[in-house]
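Enquirer: Can you look at this prediction? I've put the sequence above it.
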Amino acid sequence: MKHVIETKEVAGSPNFQLTRFQQLVDWAVNSSRANSLWPMPFGTACCAIEFMATAASRYDFARFGMERQAFSPRQADVLICAGRLPFKLAPVIRRIYDQMPQPKWVISMGACASTGGIFDNYAMVQGIDTIIPVDVYVPGCPPRPEGLLYGVLLLHKKIKGESLFDAVRRRDEQPLDERGLRLPPEQIDEISEPFGNSIHQFRSA
Amino acid sequence: MNPSVDALRATFGDAIGRAADVCGDTIVSVRRERLYEIMKWLRATPGQRYDYLVDVTAVEYRDRERPLEVVYFLRSLERRADLRVKVELDPTGDLTVDSVTPVWAGGNWLEREVYDMFGITFRGHPDLRRILMWETYAEGYPLRKDFPLRGRFSRAEQVRQALNANPEAHYSMEELSIAEAYTELPADMRERLRKGERGKIPHSE
């Protein structure tokens, strides 16, 4: 499974050359990936409006290589969840994420996608990281286009730090476990705990 | 006061309860046993002709002594008149009223929504199942006063149930309107639909 090339036993200069070669490969691969991200917009709420503003001419994220928006997950690199996610859509976004080819990244745009936001209720997922792994969280309600662009640039930075040869710096597919969950239940409960103003709302009855 | 109230009293006598004029709208409460009869009469009688069912909803008050109300918003397009009809139900007793879908076909989804959110059963409804929450939703009826804001289950359990839901099982064959194209579907999709918990497939082999 692991493709880490063992370099310790190689003595002297070949070690250095191999490392330089790996760095070169990583640089080439990562630059290509980072500078031609194809976003898959998953817009469910007002964040999608800001997303559209980001895609439109004034902010124009095509400048950062996101020229082609993929409205099919099969041709997408980065899933941008813009807006709140109700539980009814949880299996949908999970399926879309599963349909995306590796390597893939996720941007959680806005307070609702990241934490559930003001919707701390029975119908809303409290952060999409309970469903799919998230790379960049963009705060805001909704974030301004500059915010989303900053998130995209952070994602570029993250991609450029990845390595094909180092399993720690490469993220593999994260399938659901036998319960159908991505995280252990205790962890989901913990990250779904009310915070901020929500703690003043009690469970009625 | 809407003249329909007097006409109702003259026709149905003590089946008509309180009537009030609130902000220019007339609210009349009727006995649940004769609701269907009264609604049919309001729809069909010349001089009444309430031909448009604007909305069906329900109200549960914080005061536990007060009954749960099902509210029908009627409008007569030709007479430009509005009438609001209420049926009172005992929240601890049997939550069943007659469906008005045979009278106004538009009542179908409205009554499904009331059933989904309040658990009120509409007798004679052609297709009474949840419409907003998914059909395997097991936590109860979210708009009832005894329903906790964040739902009955833990967040982890909610995520587990949501992720294990089949996103394709929310729609009946009629809603997907692929029933007539059934034979043209790929074999695996036909197999899934046949096994699926959703509705019967008309004219299947």
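Expert: Ah, there it is. Numbering: from 1, shown residues only, chains lettered A, B, ... in the order given.
Enquirer: Would you double-check that B:Arg144 falls in a strand?
Expert: No - the secondary structure assignment for B:Arg144 gives coil rather than a strand, going by DSSP: H, G, I helix; E, B strand; the rest coil.
Enquirer: for it, what are its contacts?
Expert: B:60, B:118-119 (Cβ atoms under 8 Å, 6 or more residues apart in numbering or on different chains). Where you see a C-beta, it was placed from the backbone N, CA and C, and this is true even at glycine.
Enquirer: How about B:Ile38?
Expert: When the contact criterion is Cβ under 8 Å, 6+ apart, the partners of B:Ile38 are B:8, B:12, B:15-16, B:30, B:85.
Enquirer: Between these, which sits nearest A:Met40?
Expert: Compare each of those with A:Met40 using Cβ to Cβ and the shortest gap goes to B:Val85, at 47.7 Å.
Enquirer: Specify the local secondary structure of the residue nearest the centre of chain A.
Expert: Relative to the mean C-alpha position of chain A, the nearest C-alpha, by Cα atoms, centre = their mean, is the one of A:Val106, at 1.8 Å. Remark: A:Val106 carries the secondary structure label strand [criterion: three-state DSSP].
Enquirer: Tell me the pLDDT of it.
Expert: The per-residue pLDDT reported for A:Val106 equals 95.
Enquirer: in the sheet, who's paired with it?
Expert: A:Leu79 (DSSP bridges).
Enquirer: residue boundaries of the helices in the chain?
Expert: I went with chain A, as the question did not name one. Using DSSP state H, the helices of chain A run over A:13-34, A:46-55, A:90-99, A:110-115, A:145-160, A:185-191.
Enquirer: other chain: chain B
Expert: With helices called from DSSP H, chain B shows them at B:4-12, B:35-44, B:107-118, B:155-164, B:173-176, B:187-195.
Enquirer: out of the contacts of B:Ile38, which one sits closest to B:Arg64?
Expert: When the contacts of B:Ile38 are ranked by distance to B:Arg64 (Cβ to Cβ), B:Val30 comes first, at 23.0 Å.
Enquirer: Bridged to that closest one, which residues?
Expert: With DSSP bridges applied, B:Val30 shows beta-bridge pairing to B:Ile16, B:Val87.
Enquirer: repeat for A:Val136
Expert: Beta-bridge pairing of A:Val136 under DSSP bridges involves A:Ile107.
Enquirer: so who does it touch?
Expert: By Cβ under 8 Å, 6+ apart, the contact set of A:Val136 is A:105-108, A:151-152, A:154-155, A:158.
Enquirer: Recalculate using a threshold of 10 Å.
Expert: A:Val136 makes contacts with A:78, A:80, A:105-109, A:114, A:148, A:150-158, as judged by Cβ atoms under 10 Å, 6 or more residues apart in numbering or on different chains.
Enquirer: Can you tell me the number of residues neighbouring the closest residue to B:Arg75 other than its chain neighbours?
Expert: The shortest distance from B:Arg75 to any residue other than its chain neighbours is 4.4 Å, reached at B:Tyr52 (Cβ to Cβ, 6 or more residues apart in numbering or on different chains). Here the count is done by other Cβ atoms under 10 Å in any protein chain shown, and B:Tyr52 has 15 residues near it.
Enquirer: could you flag which of the contacts of A:Val136 are buried?
Expert: Buried by 16 or more other Cβ atoms under 10 Å in any protein chain shown: A:78, A:80, A:105-109, A:114, A:148, A:151-152, A:155-156, A:158, out of those.
Enquirer: closest to A:Glu178 among those?
Expert: Proximity to A:Glu178 was ranked across the buried ones among the contacts of A:Val136 by Cβ to Cβ; first place goes to A:Val106, at 23.0 Å.
Enquirer: which residues sit in contact with the closest one?
Expert: Applying Cβ under 10 Å, 6+ apart, one finds that A:Val106 lies in contact with A:40, A:42, A:78-81, A:93, A:97, A:100, A:113, A:128-129, A:131-137, A:155.
Enquirer: Buried members of the residues you listed into ChimeraX, please.
Expert: Command for ChimeraX that selects the buried part of the contacts of A:Val106, burial taken from 16+ other Cβ under 10 Å:
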select /A:40,42,78,79,80,81,93,97,100,113,128,129,131,132,134,135,136,137,155
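Enquirer: sorry, back to before: mind checking which of the helices of chain B is nearest A:Arg58?
Expert: helix B:155-164 (37.0 Å).
Enquirer: Mind checking which of the contacts of B:Ile38 are buried?
Expert: The buried subset of the contacts of B:Ile38 (16+ other Cβ under 10 Å) comprises B:8, B:15-16, B:30, B:85.
Enquirer: now, among those residues, which is nearest to B:His125?
Expert: Minimum distance to B:His125 across these is 17.4 Å, recorded for B:Val85 (Cβ to Cβ).
Enquirer: Show me which residues of chain B are close to chain A?
Expert: B:132-134, B:137, B:139-140, B:142, B:144-170 (Cβ under 10 Å from any Cβ of the partner chain).
Enquirer: follow-up on the earlier one: comparing the helices of chain B, which yields the minimum mean pLDDT?
Expert: Of all these, the minimum mean pLDDT falls on helix B:173-176 (a mean of 60).
Enquirer: Quick check: PyMOL command selecting the buried ones in the residues of chain B next to chain A.
Expert: Of the residues of chain B next to chain A, the buried ones go into a single PyMOL selection, burial set by 16+ other Cβ under 10 Å:
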select buried, chain B and resi 133+134+137+142+144+147+148+150+151+155+156+157+158+159+160+161+162+163+165+167+169+170
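Enquirer: biggest separation within the buried ones among the contacts of A:Val136, which pair?
Expert: Looking at the buried ones among the contacts of A:Val136 by Cβ to Cβ, the two members farthest from one another are A:Ser114 and A:His156, with 19.5 Å of separation.
Enquirer: Tell me who's in contact with the closest residue to A:Arg94 other than its chain neighbours.
Expert: If the residues on either side of it in the chain are set aside, A:Arg94 comes closest to A:Ile131, at 5.4 Å by Cβ to Cβ, 6+ apart. A:Ile131 makes contact with A:81, A:85, A:87, A:89-94, A:97, A:106, A:125, A:176, A:181-183, A:188, B:159, B:162-163 under the criterion Cβ under 10 Å, 6+ apart.
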